[in-house]
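[1] have a look at this prediction, sequence included:
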Amino acid sequence: MHHLLPLLFAVPLLGAALLVATGRRLPRAVAETTGCAVSGATAALALVLLLNSAPPLVEWVGGWRPVDGESVGIVLVGDGPALGMAALDSLLTLSALVYSWRYFDEPPRGHAGSYPALMLVFQGAMCGFALAGDLFNAFVFFELMSVVAYALTGYRIDEPKAVQGALTFGVVNSLGAYAMLMGIGLLYARTGELAMTKIGRGLDDAAGQGGPDALVLAAFVLVMTGLLVKAAAVPFHFWLPDAHAVAPTPVCMLLSGVMVELGAYGVWRVYGTVFAGPGGIPAADLTRALVTLGVLTAAIGAVMCWYQRHIKRLLAYSTVAHTGLFLVGLGVLTPEGDDGIALYLLGHAGVKAALFACTGALLDRFGSVDEQALHGRARGMRAFGVMFAIGGLALAGLPPFGTALGKAITEEAVGGPLTLVYVLASAVTAGAVLRVTARVFLGLGPRPEDAAYETSGSDERPETGRRLSRIPDSMTAVPAVLLAAAFAVGVAPGLAAVVARSVNEAGSGGAHTSVHWTPHGILLGLVSTLLAVGLAALAVTRPRRLATPDWALPLRRLQSGHVGDYVAWLLVGATVLGALTLPGVLGG
């Protein structure tokens, strides 16, 4: 089975090449059907390999195996987490392609295959990044994923906002990629290796009894900076809301549903494989760094999410907040924390993609994603209103959704005051989603006063070329299936145990953990849900009480839209990350 691993990125890339080569002669329906078929076949292959990933599959591409312990080949590792992420990438790409069936304006003659081709390249790059067993090829797939994401974000090139958002996205993420490449160069200079496991052993051998030094710290900071930019952790996050505000809805489904999660996955994979040994970064220092950045990310993301009226930006900041929760769970460095985050990622991917899909239906029906302008206008879209409300409750952690199970297990792992971070962040972001549900789909509360706002979302134009009088069945079915999948993560018999076993075998040396619902976890899930409902009710009935306070205005001003500001914050973030991990080097 291990020989099939390269097909997970080769099949989408070959499918994209086929679409580009024949796009001038293919009808639009054929091109989009081909894209769905290739994406679906890759998803099916990923699931088959996932079911056969014990023991982990290892493939040296092209048969270039190590000789006398030395290698120049490309190694792919197909363990449970890697293949799980590849399957998630593929399934969400398929969902986005089905959702966007005949979605955009009629493409120019001869370009019918451009959009599905880009989506397939994106899928192949994400699968390649998840499977990469060496840092350099992880970087290659990382960059391929980024370049395609820039193009998809600015797909509507005739709109200046889309081009600006894609440019900001490109500049910030490219700087993160350059930082990652420099870190890889430092690690290669120290160890002469690129395979992650061999780099880890090389660092341990080079350190001896002295522990890590400044070169290891610099490499760690540079590599992690690149991954945290992709994960949209504060203060590397500024590109995300700007990109989501202009990216087509199916692209937003992938950016928030899986690409950000890949950044968190990369942090977990690279630290555990490369830097977790005695020659790497001490566990206490990594915990300090990830928990500090995670709490900051969750708090700022939740606050900014609450004070948005542009619905796509609101959902983007919700993603930022949940990224913070992922980092806190990973930062405690326990098998239980890893298990909880794995389940949390699965549930969050389905819920967030579904919420963006519902928002896209609003945009194409009314030509707006402004919460205030849409007040009561979507009363007739009952199915989408129900799904939006379910998505909000799932974000809050309402049992038995997969988000709730992952959140409950992670809360048990982090314990103490950090539990409060999970309750408050999930409640505030979910409350914002439920507030939108009440105002837009039910028309509850007084009509908000139209006040000046930097990004209201009222001047958007439909992505379908004209407003839809009827929402296509595909646009309704996709979010329903995604929410059902997020629900299944929490209730499917044995699924949580399988996920935990695969994660622990890959990252904790086979440590056995028990993952299941607990009264404590259920209680905290209900508390955060009730708090979310209460916040939404208060916002709808007493809007002035929860208007933007003076202390939140500076946070809004930081999202300036100027790429130079975002680059400066990236440098600040890298400096802070280095300062948080410096004690390990000084102690060594």
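    Great, that's in hand. Residues are numbered from 1 along each chain as shown.

[2] now the helices: where do they sit in the stretch 1-150 of the chain?
    In the stretch 1-150 of the chain, the segments counted as helices under DSSP state H, counting those that start in this stretch are 7-22, 28-51, 80-99, 114-131, 135-153.

[3] of all the ones you listed, which one is nearest residue 289?
    helix 135-153 (19.5 Å; CB to CB). To be clear about C-beta, it is placed using only N, CA and C from the backbone, and glycine gets the same treatment.

[4] tell me the buried residues in the closest one?
    Under the neighbour-count criterion of 16 or more other CB atoms under 10 Å, helix 135-153 has 135, 137-153 buried.

[5] so that helix versus helix 80-99, what angle?
    Counting by axes from the mean of the first three to the mean of the last three CA atoms, to 10 degrees, helix 135-153 lies at 20 degrees to helix 80-99.

[6] just checking, what packs against helix 135-153?
    Counting contacts by 3 or more CB pairs under 8 Å, 6 or more residues apart in numbering; DSSP states H and E, helix 135-153 is packed against helix 114-131, helix 160-191, helix 196-207, helix 214-231, helix 249-254, helix 260-270.

[7] quickly, which of these bottoms out on average pLDDT?
    Mean pLDDT is lowest for helix 196-207 out of the helices and strands packed on helix 135-153, coming in at a mean of 86.

[8] now for that one, which elements pack on it?
    Packing partners of helix 196-207 (3+ CB pairs under 8 Å, 6+ apart): helix 135-153, helix 160-191.

[9] which of the ones you listed sits closest to residue 94?
    helix 135-153 (15.6 Å).

[10] alpha carbons of the closest one, as PDB, please.
    Output of helix 135-153 as PDB, limited to C-alpha atoms (Å, rounded to 0.1, in the frame of the first residue of the first chain):
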ATOM      1  CA  LEU A 135      11.400  19.500   5.800                       C
ATOM      2  CA  PHE A 136      12.500  20.700   2.400                       C
ATOM      3  CA  ASN A 137       9.700  19.000   0.500                       C
ATOM      4  CA  ALA A 138       7.200  20.100   3.200                       C
ATOM      5  CA  PHE A 139       8.400  23.600   2.300                       C
ATOM      6  CA  VAL A 140       7.900  22.900  -1.400                       C
ATOM      7  CA  PHE A 141       4.300  21.800  -0.900                       C
ATOM      8  CA  PHE A 142       3.800  24.600   1.600                       C
ATOM      9  CA  GLU A 143       4.800  27.200  -1.000                       C
ATOM     10  CA  LEU A 144       2.700  25.500  -3.800                       C
ATOM     11  CA  MET A 145      -0.300  25.500  -1.500                       C
ATOM     12  CA  SER A 146       0.300  29.200  -0.800                       C
ATOM     13  CA  VAL A 147       0.800  30.300  -4.400                       C
ATOM     14  CA  VAL A 148      -2.400  28.600  -5.400                       C
ATOM     15  CA  ALA A 149      -4.200  30.100  -2.400                       C
ATOM     16  CA  TYR A 150      -3.100  33.600  -3.500                       C
ATOM     17  CA  ALA A 151      -4.500  33.000  -7.000                       C
ATOM     18  CA  LEU A 152      -7.800  31.600  -5.700                       C
ATOM     19  CA  THR A 153      -8.200  34.500  -3.300                       C
END
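
[11] how about residues contacting stretch 490-502?
    Outside stretch 490-502, the residues that touch it by CB atoms under 8 Å, 6 or more residues apart in numbering are 53-54, 79-81, 84, 335, 339, 342-343, 346-347, 399-405, 488-489, 513, 515-516.

[12] do the same with stretch 564-578
    168, 171-172, 175-176, 179, 217-218, 221-222, 224-225, 228-229, 233-236, 238-239, 289, 293, 558.

[13] one more time with 6 Å, if that's ok
    With CB atoms under 6 Å, 6 or more residues apart in numbering as the contact definition, stretch 564-578 has outside contacts at 172, 175, 221, 225, 235, 236, 238, 289.

[14] quick one on the thing from earlier: let's have the helices and strands packed on helix 196-207 in a markdown table, adding distance to residue 282.
    Below are the helices and strands packed on helix 196-207 laid out as a markdown table (distance: least, CB to CB, whole Å):
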| stretch | distance to residue 282 |
| --- | --- |
| helix 135-153 | 21 |
| helix 160-191 | 17 |
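
[15] wait, which of those helices is closest to residue 505?
    Proximity to residue 505 (CB to CB) singles out helix 135-153 among these, at 20.4 Å.

[16] can you list the buried residues in the helix or strand of the chain with the lowest mean pLDDT?
    Within the chain, confidence by mean pLDDT, DSSP states H and E is lowest for helix 553-558 among all helices and strands, at a mean of 82. Residues of helix 553-558 classed as buried by neighbour count (16+ other CB under 10 Å): residue 556.

[17] can I get it in CSV, CA atoms only?
    In CSV, the C-alpha atoms belonging to helix 553-558 read as follows (Å, rounded to 0.1, in the frame of the first residue of the first chain):
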residue,chain,number,x,y,z
LEU,A,553,-11.1,50.4,19.0
PRO,A,554,-7.3,50.0,19.0
LEU,A,555,-7.7,46.4,18.1
ARG,A,556,-9.8,47.3,15.1
ARG,A,557,-7.3,49.9,14.0
LEU,A,558,-4.5,47.4,14.0
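
[18] among the contacts of stretch 490-502, name the ones in strands.
    Among these, none falls in strands (DSSP state E).

[19] narrow those residues to those that are buried.
    Buried members of the contacts of stretch 490-502, counted by 16+ other CB under 10 Å: 53, 79-81, 84, 335, 339, 342-343, 346-347, 399, 401-405, 488-489, 513, 515.

[20] excluding chain neighbours, what is closest to residue 246?
    residue 165 (3.7 Å; CB to CB, 6 or more residues apart in numbering).

[21] ok, that neighbour touching residue 243?
    Yes. Under the criterion of CB atoms under 6 Å, residue 165 makes contact with residue 243 at 5.1 Å.

[22] those two: which is more packed in?
    Taking neighbours as other CB atoms under 10 Å, residue 165 and residue 243 compare with residue 243 leading, 29 against 23.

[23] shaky segments in the chain?
    Residues of the chain meeting the criterion pLDDT under 70: 69, 102-112, 208-211, 448-460, 508-512, 545-547, 584-588.

[24] next helix or strand past the least confident helix or strand of the chain?
    Next helix or strand after helix 553-558 toward the C-terminus (DSSP states H and E): helix 563-587.

[25] I figured residue 11 hits residue 43, correct?
    No. Checked against CB under 6 Å, the pair residue 11 and residue 43 is beyond contact range at 10.3 Å.

[26] distance-wise, check the residue lying farthest from the centre of the chain relative to residue 202.
    In terms of distance from the mean C-alpha position of the chain, residue 68 ranks first, at 39.4 Å (CA atoms, centre = their mean). Here residue 68 is placed at a distance of 16 Å from residue 202 (CB to CB, to the nearest Å).

[27] other residues contacting the least confident helix or strand of the chain?
    residue 304.

[28] try it again at 8 Å.
    So helix 553-558 is contacted by 238, 300, 303, 304, 307, 454, 548, 565, 569 (CB under 8 Å, 6+ apart).

[29] any idea how far residue 132 is from residue 191?
    Counting by CB to CB, the gap from residue 191 to residue 132 is 17 Å.

[30] the more surrounded of the two?
    Per other CB under 10 Å, whichever of residue 191 and residue 132 has more neighbours is residue 132, with 25 against 21.

[31] quick one: contacts for the more buried one?
    Going by CB under 8 Å, 6+ apart, residue 132 touches 76, 77, 138, 140, 141.

[32] please redo it, this time with the cut-off set to 10 Å
    Contacts here follow CB atoms under 10 Å, 6 or more residues apart in numbering; on that basis residue 132 touches 9, 74-77, 82, 138-142, 195-196, 266, 269.

[33] domain ranges for the protein, per the record?
    Here the domain parsing of the chain from automatic domain parsing is 1-133, 282-445+465-547.

[34] wait, which of the ones you listed is closest to residue 252?
    Of the domains of the chain, nearest to residue 252 by CB to CB is domain 282-445+465-547, at 4.5 Å.

[35] for burial, what's the neighbour tally of residue 72?
    Neighbourhood size, residue 72 [other CB under 10 Å]: 8.
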